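*Asks:* Okay, here's the prediction I keep looking at, along with the sequence it came from:
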Amino acid sequence: MEKLDPRGRKVKILATLGPASRDPDMLRRLFKAGADAFRVNMSHGDHATHAATIKAVRDLEKEFGRPIAILCDLQGPKLRVGTFKDSRAVIRHSGHFTLDRRDEPGDETRVFLPHPELFGLMQKGQRLLINDGKIRLRVIRADEDEILCSAEVGGVISDRKGVNVPDAEVPIPALTEKDRRDLAFAMSQGADWIGLSFVQRPEDLAEARKLMGGQGSLCAKIEKPSAVRRLDEILNLSDGVMVARGDLGVELEAYEVPPLQKDIVNRARLVGKPVIVATQMLESMIESPAPTRAEVSDVANAVYDGADAVMLSAETAAGEWPEEAVTMMHRIAKQVEEDDGYLARVRFLDTPPDPTTADALGHACMTIADTVPISAITVFTSSGSTARRVARERPSVPMMVLTPSMKTARRVALLWGAHPVATKDIGSFEEMIGKGKRMALRHGFGQAGGKLVVLAGVPFGTPGSTNLLHVVTLTGDELDRHRD
C-alpha cells in the first residue's frame, strides 16, 4: 500500500471526473496532486462509463488506504425553448417576442415553449432569461397559451436553449425520470453524496431522501433565488449544501453572488453542515496551464470564508490541464491557510455551541488546541456527527476521524479539516487511548512527546453519546508495539 502524507491543509478539493480525468492513471495523479473527493456529473455519460469511473476511485482508495468521497451530481429538470425554422433567429433589442404552446418551428417573433406549467404562472414584469442570461425578456402579458415579452437584451437565439425563471417558483419536481434512474444507479454503486439540482423548496428534498433509502448523504445545490429565500429550511433537511454559482449568477445579478456566497457558507457552518463552493473557480485553466489573478483571488476568498470544500468542474472533467488545476487549487488553499491572519478570518463568524454535552466538548477541543501545543484532535465516531461538531469550530489543528464505518469515513472526507480513517471499533477507555495514539503516529499527526486531544462517547459505539474528552501524550514506542 502506497503511503500518502497528510495534505497539510484543511479545506477539501472536490474534482469533477470526465473524459480528461477518468483514466485510472490521470485519476491517480489528481489524487496525489491534492483531490480529496471526486464528483461524477450525471448530466453526461452513461451508467457503464460512470460505473467504471467509480470502480477506479474505489481501486485508488484501496491502493492508498485513504477513504475517498464520491459525489454523484444529478442533472435535474432543464427548461428549454423549442426549435427554429433555420435553427436560429435574431431577437431585436426592445422588440416583442412570444413564447407559446404551438409545437412549430419558431422565428424572430416567437418560439414553442414545451413547459405548460409556465403558462398562467408568469406575471407581468417578471423575467425570462435564455441561453445563460444572454437574452433577457420581460413579461408584458401571460395567459394559458402565450407569454408576450419585451426583449430587454436581444440577440441570437438557437434551438433548445435553456430558460431560467428567476422571479417565480416553478411548479415542477426537482427529480426527473432520468434523475430517478440515475439516483437508483448511484445508490447501487455506493455513492457517498448525492447532489440534488433545481432545489426550490424544502419539499424537493423529500423524494430524494425516500429514494436514497437511508444510504448516502444529500447535498442540496443552491442555484435558484427561491432556494436562497428558504435556505434555513433546506439546510435543516439536507446533509450539506453547494453554492452553485453558475446558475445563481444567471438568475441574480453577478454582483449579488459574492455576498450571497459568504452568507450561505456562514449559515451552513452555523448548523454544522458541510458547504461546497462551486463553478468557474479556475475556469481559464480549461485551456491555459495558469489561472488568472482574479481566479486565484476567488479561490482564496472561498478558503478565507471557511468553506469546507472548493470544487473544480470542467477544469478537471474536460480541460487540457486537469492535474495542474488540482495542483494550483491545492497551492492556493495551502498558502491561504499558512497566512497568520487566516484563523482569525475563518473564525470571524461566531459559532456558539448548542446547549448539549457534545457541542460543548467540540468547542472545548478548539479552545484546548488554542491554549496547549496540540498535534491533532482525534475523534471517535460512528455516524460522523461528532466530527461535524468539531469541524464547525474550525480548530487550529487537523482532526483525525476514526470510525468503524467505511461509509462514514468516506462521507466525512468532504468535511473541513477531517482526515478519515476506517478502523476497528473500540470497547474500552484504554483501547481508545491506545488506538488514538497509534493512529496519530501512523498517519503523521504528531511525534513522540506531542499531545493529542481525544474525543469519544461512552458507551462506545453508541451514536450520539459523545461525552468524553481526554488529552494524552504520545510516546515513541506505541507505533512499534501495536498494529491494527
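*Replies:* The structure has been received and is ready for your questions.

*Asks:* Please parse this protein into its domains.
*Replies:* According to the domain assignment given by automatic domain parsing, the chain is divided into the following structural domains: 12-76+174-342, 88-164, 357-481.

*Asks:* Of all those, which one comes closest to Leu4?
*Replies:* Across the domains of the chain, the minimum distance to Leu4, taken as Cβ to Cβ, is reached by domain 12-76+174-342, at 4.9 Å. Where C-beta positions appear, they are placed from N, C-alpha and C, glycine not excepted.

*Asks:* Show me what counts as buried in stretch 290-297.
*Replies:* Of the residues in stretch 290-297, those buried by neighbour count under the rule 16 or more other Cβ atoms under 10 Å are 291, 295-296.

*Asks:* should've said stretch 313-328
*Replies:* Applying a neighbour-count criterion of 16+ other Cβ under 10 Å, the buried positions in stretch 313-328 are 313-319, 321-328.

*Asks:* And for Gly216, the neighbour number?
*Replies:* The number of residues packed around Gly216, counting by other Cβ atoms under 10 Å, is 23.

*Asks:* Numbering from 26 from now on, please.
*Replies:* From this message on, residue numbering opens at 26, which makes the last subject Gly241.

*Asks:* Does it touch Leu221 like I think?
*Replies:* No: using Cβ atoms under 8 Å, Gly241 makes no contact with Leu221, being 11.3 Å away.

*Asks:* Point me to the helix or strand that includes Ala176.
*Replies:* When secondary structure is defined by DSSP states H and E, Ala176 falls within strand 171-178.

*Asks:* Mind listing residues that contact that strand?
*Replies:* The contact list for strand 171-178, computed with Cβ atoms under 8 Å, 6 or more residues apart in numbering, reads 116-126, 138, 143-144, 147, 153, 159-167.

*Asks:* again, 10 Å this time
*Replies:* Outside of strand 171-178, the residues that reach it under the criterion Cβ atoms under 10 Å, 6 or more residues apart in numbering are 116-127, 135, 138, 143-147, 149, 151-155, 158-167, 182.

*Asks:* Can you spell out which residues form a bridge with the spatially most central residue of the chain?
*Replies:* For the chain, the residue nearest the mean C-alpha position is Ile301 (3.5 Å; Cα atoms, centre = their mean). In this structure, Ile301 bridges to Met267, Ala334 when assessed by DSSP bridges.

*Asks:* count of neighbours near the closest residue to Leu162 other than its chain neighbours?
*Replies:* Excluding its sequence neighbours, the residue lying closest to Leu162 (Cβ to Cβ, 6 or more residues apart in numbering) is Cys174, at 3.7 Å. Residue neighbour count, defined by other Cβ under 10 Å, stands at 25 for Cys174.

*Asks:* roughly how far apart are Cys174 and Arg152?
*Replies:* Distance of Cys174 to Arg152, computed by Cβ to Cβ, to the nearest Å: 9 Å.

*Asks:* which neighbours do these two share?
*Replies:* 161-164.

*Asks:* Just the buried residues of those residues.
*Replies:* Among those, those that count as buried by neighbour count (16+ other Cβ under 10 Å) are 161-162, 164.

*Asks:* Which secondary structure state does Ala40 sit in?
*Replies:* When states are read from DSSP: H, G, I helix; E, B strand; the rest coil, the local structure at Ala40 comes out as strand.

*Asks:* And it, how far from Asp264?
*Replies:* Separation of Ala40 from Asp264 (Cβ to Cβ): 20 Å.

*Asks:* now swap in Phe137 and tell me
*Replies:* Distance of Phe137 to Asp264, computed by Cβ to Cβ: 39 Å.

*Asks:* Name the residue in those two with the higher neighbour count.
*Replies:* The neighbour comparison of Phe137 against Asp264 (other Cβ under 10 Å) goes to Asp264, with 20 against 17.

*Asks:* Quick check, the more buried one in contact with Asp333.
*Replies:* No: the pair Asp264 and Asp333 fails to qualify as a contact (Cβ atoms under 10 Å) at a distance of 11.7 Å.

*Asks:* residues shared between the contacts of those two?
*Replies:* Shared contacts of Asp264 and Asp333, defined by Cβ under 10 Å, 6+ apart, comprise 298-299, 413, 439.
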